[in-house]
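J.: Got a predicted structure here, sequence first:
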Protein chains: 2
Amino acid sequence: MDDRELLNVVMGIVGRENCLDDCAELPCGDQILVVTTDMLHRTTDFVEGMTDWQAGWMSAAVTLSDIASMGAAPKYLLIAVGLDDWKSLSGVMQGAKDCCTRYGATIVGGDIDRHGELTVVTTGLGLVEKHHIVRRKGARPGDLVCITGTPGQAQARLDGYLQYEKALFEPQPRVEEGRLLGRAGVSAMMDDSDGIALSLYDLMSANGYGFAIDAAKLPLAAGIPAEQARELALHGGGDYELIFTIAPGKFPVAGVSSTVIGTVVDEKSVTVDGSPLAKRGYQHRWE
Amino acid sequence: MDDRELLNVVMGIVGRENCLDDCAELPCGDQILVVTTDMLHRTTDFVEGMTDWQAGWMSAAVTLSDIASMGAAPKYLLIAVGLDDWKSLSGVMQGAKDCCTRYGATIVGGDIDRHGELTVVTTGLGLVEKHHIVRRKGARPGDLVCITGTPGQAQARLDGYLQYEKALFEPQPRVEEGRLLGRAGVSAMMDDSDGIALSLYDLMSANGYGFAIDAAKLPLAAGIPAEQARELALHGGGDYELIFTIAPGKFPVAGVSSTVIGTVVDEKSVTVDGSPLAKRGYQHRWE
């Protein structure tokens, strides 16, 4: 059992149509309200050395990233905190609040509970104009495949490159970039929190088209041997870059620093330099 | 430290105005979107003997109850499930879905995570017309204090009265009643999930007015000595009845089974038959 197999169990109960994107979409006047929830906790997500403030920041950031990946503007956050030590509360709340303030959202509700380990569940609400929303589905053969920033840095820190600690401990969701990409009419988008490889397989599943990636075009983290940096970018977890597809005539998008790494292809396969890309990245294992 | 003291820590960070009611309120076209989140888990909330299905039902029910207490109609639920055993997933999801279906809501999103103990965080969204929303604040001296149903049954099961198991394991949120009470113009409302006594103190804090309760008027669970049944109603936890205040001329409200238990008074005190009511009910303790 892995995360994606468990998702199939959920789909069988609540309906496949309610499990396809980074956020749910709800009508709200002339706009669309997007909503998403994420559960993080100490043993899996809050790496040793992280402060309470950083745990709070990260919890907000992962949810704001899901909202950004729909092209929406984050507006509201609810936060449920399970505490093994009540003294963690103020740090966690301040970190979440500072992340929200940085990206234009407000904390409007929450819950507090005693718990065996620090557990934080954030629910984010964002707003987007109907014609600017971006979903996982929408890619067309011939579109460019692009990514913001430099992927692989969070996993690099996990693998011992301490200079990338901020990428892992204080992720910066691509909120402004998501808004600009939505307005520019990108054809599909998601964040790469489980790594580029799994994101591409998710996008292939949503679109029915494949992707041909050019290894030489991957932006690589500095100070790491190229082959390892490529592995980190493709299969590492913990990044919150946006991966998107876009018609060639619309690229580049003003104000968004991003790199073309391949193209959308008719064949249902994900390849790097012509060879199949392993379907491997960040996943929980369930025994 | 108890829950209400920890809430003061949160208020200091996110602002008191964001912590006052059962739900947050957000504008949504001509209506108001109300949003609330609740964290439940095995050691505190899912009593021994409960099935996975009941844990899922209860998780949805507590959140739908918060929405009902604003006079709103539940529309959407997000559910994050932390699992110590992945085989619990389908039961939890089915229970949450069945509760949502019963009360008119749809599950639109969620998250799954491995966890040391079963943990379920539900976030509910509801809609209400602007002039039908009900808040904790709004009670006026002379208003009647009322409660739906028969309080104390969930705590009765915890205290060994096994005939009340369904009240504890499968709470029925007062969704239809909440809608009718909102449309009838009740002046203040909340649910009594921590017991009547703590609810009255919360309402006093929100309104600046007190309450005079008449012990003889409290509806009591059958088959329990009267004095104990009164204690369960006033100080027991786990019920999801609605406690509300209403101008005498508007009572009763058609379609809502409820009982007058007292009146709103000018003095800032909560009394039963003239004596102060102990500020005691369901609260976590934090050491």
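T.: That came through, no problem.
J.: can we go C-alpha only for contacts and neighbour counts from here?
T.: Fine.
J.: Assess the claim that residue A:192 and residue A:241 are in contact.
T.: Yes - the criterion here is C-alpha atoms under 8 Å, and residue A:192 meets it with residue A:241 at 5.7 Å.
J.: Could you report the separation of residue A:248 from residue A:150?
T.: 21 Å (C-alpha to C-alpha, to the nearest Å).
J.: likewise residue A:17?
T.: According to C-alpha to C-alpha, residue A:17 stands 32 Å off from residue A:150.
J.: which one of the two has more residues nearby?
T.: Neighbour count, other C-alpha atoms under 10 Å in any protein chain shown: between residue A:17 and residue A:150, residue A:150 has more, with 17 against 10.
J.: pLDDT score assigned to the more buried one?
T.: In this model, residue A:150 is scored at 97, pLDDT.
J.: Name the nearest residue to it, ignoring sequence neighbours.
T.: residue A:219 (5.5 Å; C-alpha to C-alpha, 6 or more residues apart in numbering or on different chains).
J.: Could you confirm the one you found falls within a helix?
T.: No - Residue A:219 is assigned coil when assessed by DSSP: H, G, I helix; E, B strand; the rest coil, not a helix.
J.: Might you report the residue contacts of it?
T.: For residue A:219, the contacting residues are A:149, A:150, A:151, A:259, by C-alpha atoms under 8 Å, 6 or more residues apart in numbering or on different chains.
J.: Okay, the one residue in the stretch 51-200 of chain A that gets nearest to chain B and residue B:24: tell me how far apart.
T.: For the stretch 51-200 of chain A and chain B, the shortest gap (C-alpha to the nearest C-alpha) falls at residue A:108, measuring 5.1 Å. Distance, residue A:108 to residue B:24, by C-alpha to C-alpha: 6 Å.
J.: Likewise for residue A:199?
T.: 34 Å.
J.: In chain A, what residue spans correspond to strands?
T.: Taking DSSP state E as the criterion, chain A carries its strands at A:24-28, A:31-41, A:73-83, A:106-114, A:119-129, A:144-148, A:188-191, A:210-213, A:242-246, A:258-265, A:270-272, A:275-276.
J.: Can you pull out the residues in contact with the third one?
T.: The contact list for strand A:73-83 (C-alpha under 8 Å, 6+ apart) reads A:60, A:64, A:67-68, A:89, A:100, A:103-128, A:175, A:179, B:36-39, B:121.
J.: Now restrict these to buried residues only.
T.: Among the contacts of strand A:73-83, those classed as buried by 16 or more other C-alpha atoms under 10 Å in any protein chain shown are A:60, A:64, A:67-68, A:89, A:100, A:103, A:105-115, A:117-128, A:175, A:179, B:36-39, B:121.
J.: What residue in chain A comes nearest to chain B?
T.: Closest point on chain A to chain B, by C-alpha to the nearest C-alpha, is residue A:29, at 4.0 Å.
J.: Point out where the stretch 101-250 of chain A drops to low pLDDT.
T.: For the stretch 101-250 of chain A, no stretch is flagged by pLDDT under 70.
J.: mind listing the helices for it?
T.: Using DSSP state H, counting those that start in this stretch, the helices of the stretch 101-250 of chain A run over A:153-158, A:165-169, A:175-184, A:196-207, A:226-235.
J.: Let's have the ones you listed in CSV, adding distance to chain B.
T.: CSV is the format used below for those (distance: least, C-alpha to the nearest C-alpha, whole Å):
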stretch, distance to chain B
helix A:153-158, 20
helix A:165-169, 19
helix A:175-184, 20
helix A:196-207, 16
helix A:226-235, 20
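J.: Tabulate the contacts of residue A:219 (TSV), appending distance to residue A:139.
T.: Compiled in TSV, the contacts of residue A:219 are given as follows (distance: C-alpha to C-alpha, whole Å):
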residue	distance to residue A:139
A:149	21
A:150	22
A:151	21
A:259	17
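J.: If you rank those by neighbours, which is first?
T.: Compared across those, residue A:151 has the highest neighbour count, 31 neighbours, by other C-alpha under 10 Å.
J.: correct me, but that residue touches residue A:243?
T.: No - judged on C-alpha under 8 Å, residue A:151 makes no contact with residue A:243 at a distance of 10.0 Å.
J.: Name the residues contacting each of those two.
T.: Overlap of the contact sets of residue A:151 and residue A:243 (by C-alpha under 8 Å, 6+ apart) is empty.
J.: Pull the residues that contact stretch A:49-58.
T.: In contact with stretch A:49-58 (C-alpha under 8 Å, 6+ apart) are residues A:46, A:88-89, A:91-99, A:120, A:169-171.
J.: In space, not sequence, find me the middle residue of chain A.
T.: residue A:191 (3.1 Å; C-alpha atoms, centre = their mean).
J.: how about the nearest residue to that one, chain neighbours excluded?
T.: What sits nearest to residue A:191 in space, not counting adjacent residues and going by C-alpha to C-alpha, 6+ apart, is residue A:242, at 4.4 Å.
J.: The one you found: what's it in contact with?
T.: Applying C-alpha under 8 Å, 6+ apart, the residues near residue A:242 are A:69, A:147, A:148, A:174, A:178, A:189, A:190, A:191, A:192.
J.: Please report which of the residues you listed has the highest neighbour count.
T.: In terms of neighbour count, residue A:69 stands highest of these at 34 neighbours, by other C-alpha under 10 Å.
J.: Verify the contact between that residue and residue A:190 for me.
T.: Yes - look at residue A:69 against residue A:190 with C-alpha under 8 Å: they come within range, at 4.9 Å.
J.: tell me, what's touching those two both at once?
T.: Common contacts of residue A:69 and residue A:190 (C-alpha under 8 Å, 6+ apart): A:22, A:135, A:242.
J.: I'd like a version of the residues you listed in JSON lines, one that adds distance to residue B:272 as further columns.
T.: Formatted as JSON lines, those follow (distance: C-alpha to C-alpha, whole Å):
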{"residue": "A:22", "distance to residue B:272": "51"}
{"residue": "A:135", "distance to residue B:272": "57"}
{"residue": "A:242", "distance to residue B:272": "60"}
